[in-house]
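A.B. asks: let me see the structure of the following:
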Amino acid sequence: MVADYRATGAENEARPEIFWPSLKFNSGTLVARSRGVPQSIQQSLLDAARAVAPDISADKVKTVDEYADYWTSQRKFNTLLLEMFAGLALVLAMLGIYGVLSNLVTSRKREIGIRMAIGATPGAIRNLLVWQAGLPIGLGILAGLGGCFAFGRLIQSLLFQVPASDPLTIGAAVTAVLITSPAALLLPLRRAMAVECTVALREE
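C.D. replies: Next up is the predicted model:
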């Protein structure tokens, strides 16, 4: 009787297994636990294997960590690509927010000047633009959450014991968007609040 282990991959659950001792196979795997550095018992393992079965070529000794790295290398690479694309998408989103709001401020300079001429404060102008910019940001977050749940199966295949709808991961992604959005809004808002009504009306 031994402890459970995932014979079909780290991402799959343990399944019932029967270990049958036999040396009639052309190849096999010997697993040993070491209290010290695994490489220190390498030669002892090779000598012991050759003593039991001289015809078997026992020349490959690896640690469990090396095996785990090998079997998960492709998934790690796929996950790294997803992380890179996610980071690029976040940067593009920030640039898009900045570009749209900057264009909004430029195209509505006359309106901003009129509002300030009839008594609107810079704070009121700021709140107006934040609301107009925050609405598409909120809709984008909702669309992203919908896509996350819709493509959950695909994302699940790249994760290890982490559900695609993990609240911590989704919360971190939403928080990242909410933190980076004000940074993209900062410069256009400063331009809008610095508009002088007389200058804006004269330019039009």
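
A.B. asks: please enumerate the helices of the chain.
C.D. replies: According to DSSP state H, the chain carries its helices in the segments 42-52, 64-107, 109-117, 122-150, 152-156, 167-193, 197-203.

A.B. asks: what is the least confident helix or strand in this protein?
C.D. replies: Least confident helix or strand of the chain, by mean pLDDT, DSSP states H and E, is helix 197-203 with a mean of 58.

A.B. asks: can you redo the helices of the chain as TSV with distance to Val31 and mean neighbour count?
C.D. replies: Every C-beta, even on glycine, is put in place using the N, C-alpha and C of the backbone. Formatted as TSV, those follow (distance: least, Cβ to Cβ, whole Å; neighbours: other Cβ atoms under 10 Å):
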stretch	distance to Val31	mean neighbour count
helix 42-52	10	13
helix 64-107	8	13
helix 109-117	72	17
helix 122-150	39	14
helix 152-156	29	12
helix 167-193	34	15
helix 197-203	76	13
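
A.B. asks: closest one to Pro16 among those?
C.D. replies: Among these, the nearest to Pro16 by Cβ to Cβ is helix 64-107 (20.9 Å).

A.B. asks: and the closest one, what other elements does it pack with?
C.D. replies: For helix 64-107, the packing partners by 3 or more Cβ pairs under 8 Å, 6 or more residues apart in numbering; DSSP states H and E come out as helix 122-150, helix 167-193.

A.B. asks: helices or strands up against the longest one?
C.D. replies: Using 3+ Cβ pairs under 8 Å, 6+ apart as the contact criterion, the elements in contact with helix 122-150 are helix 64-107, helix 109-117, helix 167-193.

A.B. asks: the shortest one to helix 167-193, inter-axis angle?
C.D. replies: So that's helix 109-117. Angle of helix 109-117 versus helix 167-193, following axes from the mean of the first three to the mean of the last three Cα atoms, to 10 degrees, is 80 degrees.

A.B. asks: helices and strands around helix 109-117, which ones?
C.D. replies: Judged by 3+ Cβ pairs under 8 Å, 6+ apart, helix 109-117 is in contact with helix 122-150, helix 197-203.

A.B. asks: of the ones you listed, which shows the lowest average pLDDT?
C.D. replies: Averaged per stretch, pLDDT over those is lowest on helix 197-203, reaching a mean of 58.

A.B. asks: my read: Ala49 touches Leu30, true?
C.D. replies: Yes: proximity of Ala49 to Leu30 meets the contact threshold set by Cβ atoms under 8 Å, at 6.3 Å.

A.B. asks: quick revisit: nearest to Tyr5, out of the helices of the chain?
C.D. replies: Using Cβ to Cβ, these put helix 64-107 closest to Tyr5, at 10.2 Å.
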